[in-house]
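In: Here you go, sequence then predicted model.
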Amino acid sequence: MNSTILNQMSQMKFYGMQQAYQSLLDNTHYQSLTSDELIALLIQAEWEERENRKINRYLRAARFRYHASVEQIDFTARRGLDKNQFLRLTDSSFIKKRENILCTGPTGAGKSYLISALGHQGCLQGYRTLYFNTQKLFAQLKMSKADGSYLKQLNKIEKQDLLILDDFGLQSLDNDARMMLMEIIEDRHGRKSTIISSQLPVAKWYEVIGDSTIADAILDRMVHTAHRIELDGESMRKRKVK
């Protein structure tokens, strides 16, 4: 009977429940459990297994640049990072509130790692996340226009609880990229959260975007609901070499 039950659990894809039940059989612990306790234990095991699978799926789909974690962040380095502010953001409440984060600072200051850590935290707390290098995203979207999958790509981006755009402003936007960014921000405004990192201060983003009317529209939607992380100081890479 136990073998049949285990096979049925496997066929129904109740893998957490199957593992928990097998463990109980191996240790004969189930004999000391009441029916209510046994059912509660099996359901809890299945719930935890499914949550872990979902988190791992979100982490794979996010495609972070770094496998970053909050525990590995160096808060002692002199780069203008407000530890209290950053740790408050790690509870992902900004995602729930549909707020944005703008992270600026010189090259090597650790922007990509910090925003990847925030994205990682979001995945752990059940939020769907996508990470992009901004220039590669625009190139990918331009290719999708050619093969007819552009709207599908935009819909995928719109559905993400958190979108991370890294290295924004490395080069000025052309008209196509400008309109793509406008569509993305408009779709997400007030509905989802976005993190943008850049070597340039926010005041310089008008020049990068190019068209003043569109720049006003984009930044108006981003800046007013945004937390600011403004870094400075020597490159973290140079510091590690020293």
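Out: Nice, I can see it.

In: Can you name the next helix or strand after the host helix or strand of residue 48?
Out: According to DSSP states H and E, residue 48 maps onto helix 35-62. Next in sequence after helix 35-62, counting helices and strands by DSSP H and E, comes helix 83-89.

In: now what about that next one, what contacts it?
Out: With Cβ atoms under 8 Å, 6 or more residues apart in numbering as the test, helix 83-89 has contacts from 70, 73, 75, 101, 114, 118, 227, 229. To be clear about C-beta, it is placed using only N, CA and C from the backbone, and glycine gets the same treatment.

In: For my notes, please list these in CSV and give pLDDT and distance to residue 86 for each entry.
Out: What follows is those, written out as CSV (pLDDT from 0 to 100; distance: Cβ to Cβ, whole Å):
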residue, pLDDT, distance to residue 86
70, 92, 8
73, 92, 8
75, 89, 8
101, 97, 10
114, 96, 7
118, 97, 8
227, 96, 9
229, 95, 7
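
In: Residue 203: which of these is nearest?
Out: Distance ranking of these against residue 203, using Cβ to Cβ, places residue 229 first at 15.7 Å.

In: Am I right that that closest one falls within a strand?
Out: Yes. Assessed by DSSP: H, G, I helix; E, B strand; the rest coil, residue 229 belongs to a strand.

In: rewinding a little: same question for the helix holding residue 48, mean pLDDT?
Out: In this model, helix 35-62 carries a mean pLDDT of 90.

In: so how many other residues sit close to residue 209?
Out: Residues near residue 209, counting by other Cβ atoms under 10 Å, number 23.

In: Which residues are in contact with it?
Out: The contact partners of residue 209, taken as Cβ under 8 Å, 6+ apart, are 173, 178, 181, 215, 218, 219.

In: burial measure for the second one, as a count.
Out: The burial count assigned to residue 178 is 19, neighbours taken as other Cβ under 10 Å.

In: May I have the secondary structure class of it?
Out: helix.

In: is it true that it touches residue 213?
Out: No. With contact defined as Cβ atoms under 8 Å, residue 178 does not reach residue 213; the gap is 10.3 Å.

In: all strands in this protein, in order from the N-terminus.
Out: 100-104, 129-133, 162-168, 193-198, 226-230 (DSSP state E).

In: between those, which gets nearest to residue 37?
Out: The nearest among these, by Cβ to Cβ, is strand 129-133 at 36.8 Å.

In: Let me see the domain layout of this protein.
Out: What automatic domain parsing lists as the domains of the chain is 2-61, 63-241.
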